[in-house]
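A.B. asks: Compute the structure for the input listed below.
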Amino acid sequence: MEGDLGKKPIRFIKGVGPQRAKLFSRLKINTVNDLLNHYPRKYIDRSKLKTIDQLSPNNLETIFAFISDVVELKPKKNIRITKVLLRDKTGLVSAVWFNQPYLQRQFKKGLPIFVSGKVERRFGELQFINPEFELFSGEDSLNINRIVPVYPSTEGLSQKVIRNVIASCLSEYLNKVDEIIPQKIIKQMRLMDKRTALKEIHFPSSEESLIMARNRLVFEELFLLQLIFVLQRKKQNLPSQGVCLKNDGQLVKDFLQLLPFELTGAQKKVWAEIKKDLEDRSAMQRLVQGDVGSGKTILAALALLHTVESGYQGALMAPTEILSEQHYNELKVYFEKLGVRVGLLTGSLSKKEKEMVLAKIANAQLDVVIGTHALIQEEVQFARLGLVITDEQHRFGVRQRTAFAEKGINPNILVMTATPIPRTLALTLYGDLDLSIVDELPPGRQKVQTYWLPSSEKARVFSFCESEMKKGRQIYFVCPLVEESDKLEAEAATKLVDDLRQNVFPHRKIGLLHGKMKTEEKDLAMRSFKNGETDILVATTVIEVGVNIPNATVMVIEDAERFGLAQLHQLRGRVGRGNHQSYCILISDVTSPEGQARLRTMCKTFDGFRLAEEDLKIRGFGELLGTRQHGLPDLKLTNLFSDGQILEAARRAAFALFDADPNLNKEEHKALKEKLSNYLRSTEVYTTA
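C.D. replies: Numbering: from 1, shown residues only. Prediction:
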């Protein structure tokens with residue numbers, strides 16, 4: 001039955017229609033199943049609305065009021081304040097937003113509005129500082145007097161529309177949702193049933209039921225994932241021989257001689273583990289975790305050279321064209337000196353260029369191929385593939401990594417990531433892989449000095465940036481994260497560029513990079529910055545992964561509280577890649593104790609794995625707001641840091657079920673088997689904007 005929901009288009013649901021269906025498709029919501037599994041990203045408790053006269057300083061509050069006035073203030077150069085006066089029958093209160101002038105066009109006098117955030121006493125009055133808000137028209141049971149869901153959205157889809165559509169979907173299709181977890185496991189784990197869990201995750205009747213619903217759905221996500229790993233392990237244990245490499249290693253020795261540095265102790269240890277796998281009769285299945293700048297690319301190069309020396313081809317897949325080209329350009333310098341033929345395959349190649357590369361791959365005229373997910377397209381045929389490497393592996397789905405490996409006959413598999421995951425969770429999550437950790441940075445690598453400053457200190461930040469540019473250095477400015485809209489994020493980046501060009505650095509060359517730009521425009525912006533043709537690059541998080549500009553020494557991140565610690569750490573890793581002291585400046589007016597604690601942690605902690613642990617300590621299991629870490633596998637609800645206990649329980653249950661019914665042939669496992677098949681078929685490639 002659930003398989004049918006995965007085929008039923010949403011355009012026939014009440015409140016959707018053809019035009020809204022197109023908007024939903026931007027969110028990858030095309031079927032009833034997609035909609036049921038479009039979970040809220042957070043919740044606002046409107047069951048306890050306050051009147052304005054009940055507000056208290058230093059508390060998180062939610063009110064329902066009317067807009068009385070809207071003004072824009074410019075108290076200092078480069079500081080713009082949007083101030084909205086709110087009223088209800090008990091009084092007046094202000095809401096202020098710093099440096100978000102694009103908000104002003106949304107506020108009109110007389111409109112009803114929900115406002116949620118921290119209240120402070122400033123300048124003799126109570127104010128909401130940078131609060132969340134939602135304009136409201138017409139009362140209904142989905143938006144007031146309850147715990148209200150807030151969904152990932154896009155331009156043209158308001159929260160009210162999404163809530164109404166999901167409510168209609170639940171009303172019509174909830175009774176057709178199958179229970180896929182066996183009843184025995186549901187009873188053992190004391191899990192909520194699937195239909196109740198879906199109803200409560202979208203429209204919770206209480207905080208307790210919301211936690212129970214989330215736990216149930218997280219368990220299901222992890223249970224399915226662990227079953228996939230069990231099946232993969234079963235497949236790997238079949239009596240088949242992998243690509244076994246010879247062990248003389250002269251190419252590797254020559255490569256190490258060319259390097260202007262020695263491997264770190266951690267690199268040597270991990271290389272020994274990889275080399276042993278490569279020379280073993282069974283195929284390598286290894287995950288290498290390493291912090292930003294720990295030298296994972298060198299390990300990939302060593303594995304590729306060892307593969308080539310044994311008469312096989314090697315391939316490295318990266319999630320973006322920029323990162324693929326960077327790997328290609330870096331490795332080509334060394335590989336060509338060693339007589340190793342290396343090629344690049346990406347989606348932006350011309351038809352003629354692509355055909356030429358494909359022919360060379362098929363005829364073994366290329367020893368190493370580096371590319372994007374273009375490598376897994378059907379027309380790519382390797383002559384003798386012995387090693388596949390996936391870089392930033394969290395950007396790719398299980399199906400894509402499998403398709404990559406199937407380009408050869410049982411090749412060695414190496415996956416790499418800089419996303420910090422505590423070791424115990426990594427061992428559990430990637431149960432089908434052996435784990436190596438590069439836990440040491442190269443000697444001489446300077447720590448990026450990190451500072452947190454309020455927006456009122458921007459003039460000081462600009463002055464510091466100018467002093468760095470006078471030394472010949474380059475600067476990144478990262479725009480605030482706008483989850484609801486790529487378009488708004490792009491607009492914010494464009495406005496920041498205009499402001500910097502006109503009011504702050506009119507004598508400097510400033511580039512722009514955001515997710516709405518075409519691939520050619522992005523590449524041009526990055527190349528201009530890399531070649532030193534632009535002094536400043538204003539960007540969204542499209543520069544989060546892999547970009548290597550040794551001359552860039554300052555990373556300024558606007559509204560830093562909107563980013564997760566892992567993401568901030570990745571962004572910080574874009575500077576400090578050369579010989580010059582580098583700096584990361586976090587601009588934030590965050591007032592919540594949790595937000596302040598996270599930014600303080602960012603300033604004093606430079607180890608990505610420690611940051612992951614600290615993030616867990618600060619946020620804890622109970623936080624439901626913004627717990628998904630950018631860049632982890634396609635788990636819609638699971639937080640890999642706080643859901644460790646559920647993950648371990650799901651793993652035990654999966655192994656026990658597999659032992660009892662390896663092929664899931666029992667009648668009570670029929671729905672689970674269908675869901676598992678659909679899950680494997682629907683896993684999609686992760687790519688950055």
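
A.B. asks: Pull the number of nearby residues for Gln19.
C.D. replies: Other residues lying near Gln19 total 9 when counted by other Cβ atoms under 10 Å. C-beta coordinates here come from the backbone N, C-alpha and C atoms, glycine included.

A.B. asks: could you pull out the helices for the stretch 451-600 of the chain?
C.D. replies: Applying DSSP state H, counting those that start in this stretch to the stretch 451-600 of the chain gives helices spanning 458-470, 486-499, 519-530, 565-572, 593-604.

A.B. asks: Most tightly packed of these?
C.D. replies: Neighbour counts (mean count of other Cβ atoms under 10 Å) averaged over each of the helices of the stretch 451-600 of the chain peak at helix 565-572, with a mean of 24.

A.B. asks: residues of the longest helix seen in the chain that come out buried?
C.D. replies: The residue-count maximum for a helix in the chain (DSSP state H) belongs to helix 207-236. Buried positions in helix 207-236, judged by neighbour count with 16 or more other Cβ atoms under 10 Å: 209-232.

A.B. asks: Distance to Arg341 and mean pLDDT added to the helices of the stretch 451-600 of the chain, as a markdown table?
C.D. replies: A markdown table is the format used below for those (distance: least, Cβ to Cβ, whole Å; pLDDT from 0 to 100):
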| stretch | distance to Arg341 | mean pLDDT |
| --- | --- | --- |
| helix 458-470 | 40 | 96 |
| helix 486-499 | 39 | 81 |
| helix 519-530 | 24 | 83 |
| helix 565-572 | 32 | 84 |
| helix 593-604 | 43 | 89 |
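
A.B. asks: Looking at these, spot the one closest to Leu278.
C.D. replies: Taking Cβ to Cβ, helix 565-572 is the member of the helices of the stretch 451-600 of the chain nearest to Leu278, at 29.1 Å.

A.B. asks: tell me the phi and psi of Arg341?
C.D. replies: Phi and psi for Arg341, reported as degrees, to the nearest 10, are phi -90, psi 120.

A.B. asks: Counting neighbours, what do you get for it?
C.D. replies: Arg341 sits with 16 neighbouring residues when counted by other Cβ under 10 Å.

A.B. asks: my guess is it contacts Val368, does it?
C.D. replies: Yes - using Cβ atoms under 8 Å, Arg341 is in contact with Val368, at 7.3 Å.

A.B. asks: Common neighbours of these two, please.
C.D. replies: Listed as contacting both Arg341 and Val368 by Cβ atoms under 8 Å, 6 or more residues apart in numbering are Phe335.

A.B. asks: Does Leu86 belong to a helix, a strand or coil?
C.D. replies: strand (DSSP: H, G, I helix; E, B strand; the rest coil).

A.B. asks: Run through the bridge partners of it.
C.D. replies: Leu86 has these beta-bridge partners by DSSP bridges: Ile67, Val93.

A.B. asks: ditto for Val556
C.D. replies: Phe477, Ile585.

A.B. asks: For it, list the residues it contacts.
C.D. replies: Contacts of Val556 by Cβ under 8 Å, 6+ apart are 461, 465, 475-478, 585, 587.

A.B. asks: wait, which of those is closest to Leu316?
C.D. replies: Of all the contacts of Val556, the one sitting nearest Leu316 is Tyr476; the distance, using Cβ to Cβ, is 25.8 Å.

A.B. asks: Need the pLDDT of the nearest residue to that closest one once chain neighbours are set aside.
C.D. replies: In this structure, Tyr476 finds its nearest non-sequential neighbour in Met555, 4.7 Å apart by Cβ to Cβ, 6 or more residues apart in numbering. Listed pLDDT for Met555 reads 96.

A.B. asks: Surely Met555 and Val575 touch.
C.D. replies: Yes - if you go by Cβ under 8 Å, Met555 and Val575 touch, sitting 4.7 Å apart.

A.B. asks: Find residues that contact each of the two.
C.D. replies: With Cβ under 8 Å, 6+ apart, Met555 and Val575 have common neighbours 448, 476, 582-584.

A.B. asks: what's the most distant pair in those residues?
C.D. replies: That would be Val448 and Tyr476, which, of those, are the farthest apart (Cβ to Cβ) at 11.6 Å.

A.B. asks: of those two, who's got more company?
C.D. replies: Tyr476 (25 against 22).

A.B. asks: show me what contacts that one?
C.D. replies: Counting by Cβ under 8 Å, 6+ apart, Tyr476 has contacts 536-537, 539, 543, 552, 554-556, 571, 574-575.

A.B. asks: next one: Val93
C.D. replies: Taking Cβ under 8 Å, 6+ apart, one finds 52, 55, 63, 65, 85-86, 119, 125-128 in contact with Val93.

A.B. asks: give me that answer again for 7 Å
C.D. replies: 52, 55, 86, 126, 128 (Cβ atoms under 7 Å, 6 or more residues apart in numbering).

A.B. asks: Surely the third one is in contact with Val70?
C.D. replies: No - no contact is recorded between Leu86 and Val70 when judged using Cβ atoms under 7 Å, the distance being 10.3 Å.

A.B. asks: circling back: got a markdown table for the contacts of Val556, with distance to Ala283 too?
C.D. replies: Formatted as a markdown table, the contacts of Val556 follow (distance: Cβ to Cβ, whole Å):
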| residue | distance to Ala283 |
| --- | --- |
| Val461 | 51 |
| Cys465 | 50 |
| Ile475 | 45 |
| Tyr476 | 40 |
| Phe477 | 45 |
| Val478 | 40 |
| Ile585 | 46 |
| Ile587 | 48 |
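
A.B. asks: Which one of those is nearest to Gly249?
C.D. replies: When the contacts of Val556 are compared against Gly249 (criterion: Cβ to Cβ), the nearest one is Tyr476, at 39.4 Å.

A.B. asks: how close does the closest one get to Leu258?
C.D. replies: In this view, Tyr476 and Leu258 are 31 Å apart by Cβ to Cβ, to the nearest Å.

A.B. asks: Buried residues of the helix or strand where Lys352 lies, list them for me.
C.D. replies: Lys352 is located in helix 351-362, with elements delineated by DSSP states H and E. Buried residues in helix 351-362, counted by 16+ other Cβ under 10 Å: 354, 357-358, 360-361.
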